[in-house]
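Chemist: one predicted model, sequence on top.
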Amino acid sequence: MSALKKITGILANAAVAMSAVALVACEDTKQETTVAQQSEYPREETLYIGGFDWAPPTTFNPLDYDPNFPIDGNVRLMYETLVTYNQLDGNLEPMLADSFVQTDSSIVVHLDPRAKWNNGEPVTVDDVIYTFHIDSILPTPRNGNWHYIKSVTSEGDNKISFNFSKNNKNPLIILNAIAETSILPKAVFEPLVQSAKSGKNYDFSKITEFKNDEAPVVSGPYNLKTFSPDKIVLERDTNYWGLAKYNGALPAPKYIIHSLYNGNNHFNSAMTKGNLDISSIFLPRIWDKAKDSIRAWSREEPYHLPGSITTLIVSFKSAPLTDVAFRQAMIHAINFEKIKTRAVSNYTPAIMGGFILPFGAESKFFNKQDSDDNAFGYNVDLAKKILTDAGYSWDSEGKLLDPKGAPVRDITIECPSGWTDWEDVIKVVVESFNEIGIPARENFVDYSVWDKDLRVGTFDLAMKTQTAELSAATPWARFEQIMGSIGGVKPFGEDAFSNQGRFKDENANKLLDKIPTITDEKELVQAYRELNKIFMETVPVLPVMYRPTQYYQFSTKHWTNFPTEENPYAPPQHLIVAAAVKALWQIKPVK
C-alpha cells in the first residue's frame, strides 16, 4: 500500500497553499465518500466491509497464490469447506458436509446430499476428491498436507474417507484441511489443470492465467457481481442450497461490498463516517468510538478476543541472526509494555513466554513456571549480559561489535506500508534494539513485496501473524508454521508458505511429529511443555503481541444485532469467515 499523498516544498503564496491543501483533502476523502453515493446498492440492503483486501483486484482464481477477496483466507461467501471451525467453543460445524467421524486410520466425512453449485449441479464426492487431488499435484499452499494423507477415497453413500499416512499419521492436519480447503467444481478446474500439463509436470503460470471473474461456479450464499479498482461487489444467491438450514430465509444483506482503500487511515475514516459497517483494520482507541456508533466484541480491555500471536519472523540465512545468543538478547530488549500502550491501544494482554496462548482452550498446555524461569520480558540488563557472555562488546559510541570485534550489520524490520499498528510496533522494536546498540531500521514496503520477501526469504526480520485463525490444529499448527519441516525446509530463494525463516531443530521436529498422534491428555500436556521450552531456548521467531484472529469492529449506524461478548450467537470472525457466516442471517438493517 502506498502512503497518503503529502505536499512537499514551500508554497509561494496563501492562495496556492489553500488550493493545494484542498486538493489533497479531496484526494484523501474521495474513496471514503464514494460508497455512500452508490444508489445502485440500497443502503438498507448493502453491507460494506473492509480490511480483507488492499489493492485493485486482479484474480478470483482459488488456485492462485494470492487471490482477491472473497477467495483468499478462510472467507466462506463463495467457496465453501466441508466443515468450519468455531473459535468460541472449538467445534467443527457442518458446511458442505453434515457430519464426520474420526477413527484410528481415517476421518470419514458425509457430504450433505442437498449441496449444489450455483448452476444447479450437485456438489459431488468427485468434486471433493478432485479438489484434494489438485493439492497433491500442484505447488499450492496445501500441498504439504499430502505428507500426511495416504489417499482420499469414496466410501459410497456420499462418504469421503481421508486416510492417514501410516508413517506420518497426523489427524490434526486432516481436520484442519477439511475445515479450510475450499471445495472446487471438478468440471471447471479439471480442464484448466489438464491444459497446463506437460509430461509429468504442470505449468502453474497457465493455471493462474485463469482469473475466474465471469460468473464463477460456486456453492456459497454469495457470488461475484462486479468489481473495480475501489470495490468488490457480491450479490446473494436466492437459490443458495443452504437456505434450508435457515428455514428458507435469505441472508439479510442482498449485497456485500468490500471497499478498497490504500491505508489504515482511509479505512478508519470510512468506518467513522458510517461508510463501512464492519472492518478488520486496526482502529486505535476503540473506547472513544462509541460516539460514532462503533464498538468491538467486548466493551472491556483488551476489547478484541485474542486468538493469535504476532511475531517478527527471523531469517536464518546469515549472522548475526543465526546466533541463538543474539536472538535471545533481542527478545529481552523489546519493550513490550510500550508496544501494548503506544502501538496497539492496549488490545493485547501482557505477553508471556513461549508460543502457546495462556488463555482460552490452549491455556491447559501453557506452563507459567517455565515462562517465569525463562525470565521472559523486557530486561535491558539481561539482554546485555547475554551478549557479553556470547563474546559481543560495544564501541565507544555504544554500537554493538560481534565476537570478532567487527560492527554488527544493520538489521531491517519489514512489514507492509500503511499497516499502521504494525508500523508502530516496529518503531518501538527499532528503539528497543538501538537502546542496546543493535543497529536496526524500519523497512515499510508494498504488500506484494512483503509477501514475496517472506516466501523466498529475502528479509532479516518480518512481521507476520502465524496461523492468524484458531483451528482444530492449534497450537500445534502455530509451532509447525515456524519450526516445522513438512516436505523439507525450503532453500532460500524457493517459495515457502511455512517456516519462512528456514529454522531447523531435530528435537522440535520429533515433537511436532509426535504430538498429533497423542491421545492421552497428560502426555499431550507434557509434549507441548517440552516443545514450548525448545521455542524459548532457540527463539525461532520473536513474539511481540497477542492479536485477535481478525480485528472485529462494527458500526451500528446502518446494521444492528452483530455478535458480541454479551450476545455470542456467532464467533468474532467477521460474518464472512468460517463459522461466523451464519451471522449474516441474524444482523438487521436499521429502519
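Modeler: Received it, and whenever you're ready, just let me know what you need. For clarity, every value in this text was computed on a predicted model and none was experimentally measured.

Chemist: could I get the phi/psi values of the residue nearest to residue 188 when sequence neighbours are not counted?
Modeler: Beyond its immediate neighbours in the sequence, the residue positioned closest to residue 188 (Cβ to Cβ, 6 or more residues apart in numbering) is residue 217, lying 5.2 Å away. Yep, even glycine has a C-beta here, placed from its N, CA and C like the rest. According to degrees, to the nearest 10, the main-chain angles of residue 217 amount to phi -90, psi 110.

Chemist: can you give me the pLDDT of residue 217?
Modeler: Listed pLDDT for residue 217 reads 98.

Chemist: what is the burial count for it?
Modeler: Burial of residue 217 is recorded as 17 neighbouring residues (other Cβ atoms under 10 Å).

Chemist: tell me which residues of the helix or strand that contains residue 226 are tucked away?
Modeler: Secondary structure assigned from DSSP states H and E places residue 226 in strand 222-228. When neighbours are counted by 16 or more other Cβ atoms under 10 Å, the buried residues of strand 222-228 are found to be 222, 223, 224, 227.

Chemist: using CSV, list the CA coordinates for it.
Modeler: The C-alpha atoms that make up strand 222-228 are tabulated as CSV, following Å, rounded to 0.1, in the frame of the first residue of the first chain:
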residue,chain,number,x,y,z
TYR,A,222,-23.0,-15.1,-2.5
ASN,A,223,-21.3,-14.7,-5.9
LEU,A,224,-19.2,-12.1,-7.7
LYS,A,225,-21.4,-9.4,-9.2
THR,A,226,-18.8,-6.8,-10.3
PHE,A,227,-15.5,-5.3,-9.3
SER,A,228,-13.4,-2.2,-9.9
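
Chemist: just want the angle from the helix or strand following it to strand 222-228.
Modeler: Counting by DSSP H and E, the next helix or strand C-terminal to strand 222-228 is strand 231-236. If you take axes from the mean of the first three to the mean of the last three Cα atoms, to 10 degrees, strand 231-236 sits at 150 degrees to strand 222-228.

Chemist: one step back: list of residues touching the strand holding residue 226?
Modeler: 56-57, 60, 68, 70, 77-78, 118, 213, 215-216, 232-237, 251, 255-256 (Cβ atoms under 8 Å, 6 or more residues apart in numbering).

Chemist: neighbouring strands - and their directions - for it?
Modeler: Its sheet considered, strand 222-228 pairs with strand 231-236 (antiparallel) by DSSP bridges.

Chemist: how about residues contacting the partner strand?
Modeler: 34-35, 41, 53, 57, 68-70, 77-78, 221-227, 250-251, 253-260.

Chemist: show me what the mean pLDDT comes to for that strand.
Modeler: Mean pLDDT, strand 231-236: 98.

Chemist: also stretch 175-184?
Modeler: If you average the pLDDT values across stretch 175-184, you get 96.

Chemist: need the distance between the two termini of that stretch.
Modeler: For stretch 175-184, the first and last residues are 18 Å from each other (Cα to Cα, to the nearest Å).

Chemist: show the backbone phi and psi for residue 283.
Modeler: In terms of degrees, to the nearest 10, the main-chain angles of residue 283 are phi -120, psi 110.

Chemist: use 6 as the first number for this chain going forward.
Modeler: With 6 as the first residue, the last one maps to residue 288.

Chemist: my read: it touches residue 270, true?
Modeler: No: here residue 288 does not reach residue 270: they are 10.3 Å apart, not a contact under Cβ atoms under 8 Å.

Chemist: out of those two, which sits in the busier spot?
Modeler: More neighbours surround residue 288 than the other of residue 288 and residue 270, with 25 against 16 (other Cβ under 10 Å).

Chemist: residues contacting the more buried one?
Modeler: By Cβ under 8 Å, 6+ apart, the contact set of residue 288 is 273, 276, 294, 299, 556, 558.

Chemist: any idea how far the fifth one lies from residue 434?
Modeler: By that I understand residue 556. Distance check for residue 556 against residue 434: by Cβ to Cβ, to the nearest Å, it reads 20 Å.

Chemist: between the two, which is the more surrounded one?
Modeler: Under the criterion of other Cβ under 10 Å, the comparison of residue 556 against residue 434 puts residue 434 first, with 28 against 22.

Chemist: surely residue 318 is in a helix?
Modeler: No: under DSSP: H, G, I helix; E, B strand; the rest coil, residue 318 falls outside any helix and is assigned strand.

Chemist: domain map for the protein?
Modeler: Described in terms of automatic domain parsing, the domain architecture of the chain consists of the residue ranges 40-66+225-307+556-594, 88-212, 311-553.

Chemist: quick check: end-to-end length of the longest one?
Modeler: Right, domain 311-553. Distance between the boundary residues of domain 311-553 (Cα to Cα) amounts to 4 Å.

Chemist: what about the protein, any weak spots by pLDDT?
Modeler: Across the chain, the stretches falling below the confidence threshold (pLDDT under 70) are 6-44, 473.

Chemist: and residue 479, what is it in contact with?
Modeler: Contacts here follow Cβ under 8 Å, 6+ apart; on that basis residue 479 touches 367, 472.

Chemist: which SS class is it?
Modeler: When the structure is reduced to helix, strand and coil (three-state DSSP), residue 479 reads as coil.

Chemist: now it: phi and psi?
Modeler: Here is the backbone geometry of residue 479 (degrees, to the nearest 10): phi -90, psi 150.

Chemist: same question for residue 74.
Modeler: Recorded main-chain torsions at residue 74 are phi -50, psi 140, according to degrees, to the nearest 10.

Chemist: can you tell me the closest non-neighbouring residue to it?
Modeler: residue 58 (4.0 Å).

Chemist: what do you get for residue 246?
Modeler: Setting aside the residues directly before and after it, residue 246 is nearest to residue 121 in space (Cβ to Cβ, 6+ apart), at 4.1 Å.

Chemist: for that neighbour, give the beta-bridge partners.
Modeler: Applying DSSP bridges, one finds that residue 121 bridges with residue 127.

Chemist: if we can go back for a sec, residues near the residue nearest to residue 74, how many?
Modeler: 23.

Chemist: ok, now residue 248?
Modeler: Other residues near residue 248 come to 17 when the count uses other Cβ under 10 Å.

Chemist: hang on, it in a helix?
Modeler: Yes: assigned with three-state DSSP, residue 248 falls within a helix.

Chemist: show me the contacts for it.
Modeler: Counting by Cβ under 8 Å, 6+ apart, residue 248 touches 254, 255.

Chemist: turn the contacts of residue 288 into JSON lines, including distance to residue 522.
Modeler: Supplementary listing: the contacts of residue 288 in JSON lines, determined by distance: Cβ to Cβ, whole Å:
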{"residue": "273", "distance to residue 522": "46"}
{"residue": "276", "distance to residue 522": "45"}
{"residue": "294", "distance to residue 522": "47"}
{"residue": "299", "distance to residue 522": "46"}
{"residue": "556", "distance to residue 522": "35"}
{"residue": "558", "distance to residue 522": "40"}
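
Chemist: my reading is that residue 182 lies in a helix. Confirm?
Modeler: Yes: inclusion of residue 182 in a helix is indicated when three-state DSSP is applied.

Chemist: my guess is it contacts residue 167, does it?
Modeler: Yes: with the criterion set as Cβ under 8 Å, residue 182 and residue 167 qualify as a contacting pair; they are 7.4 Å apart.

Chemist: the more surrounded of those two?
Modeler: Just comparing residue 182 and residue 167: by other Cβ under 10 Å the higher neighbour count belongs to residue 167, 28 against 24.

Chemist: can you classify the more buried one by secondary structure?
Modeler: Put simply, residue 167 is strand when judged by three-state DSSP.

Chemist: what's the distance between it and residue 416?
Modeler: When distance is defined by Cβ to Cβ, residue 167 is 43 Å away from residue 416.

Chemist: no further questions, thank you.
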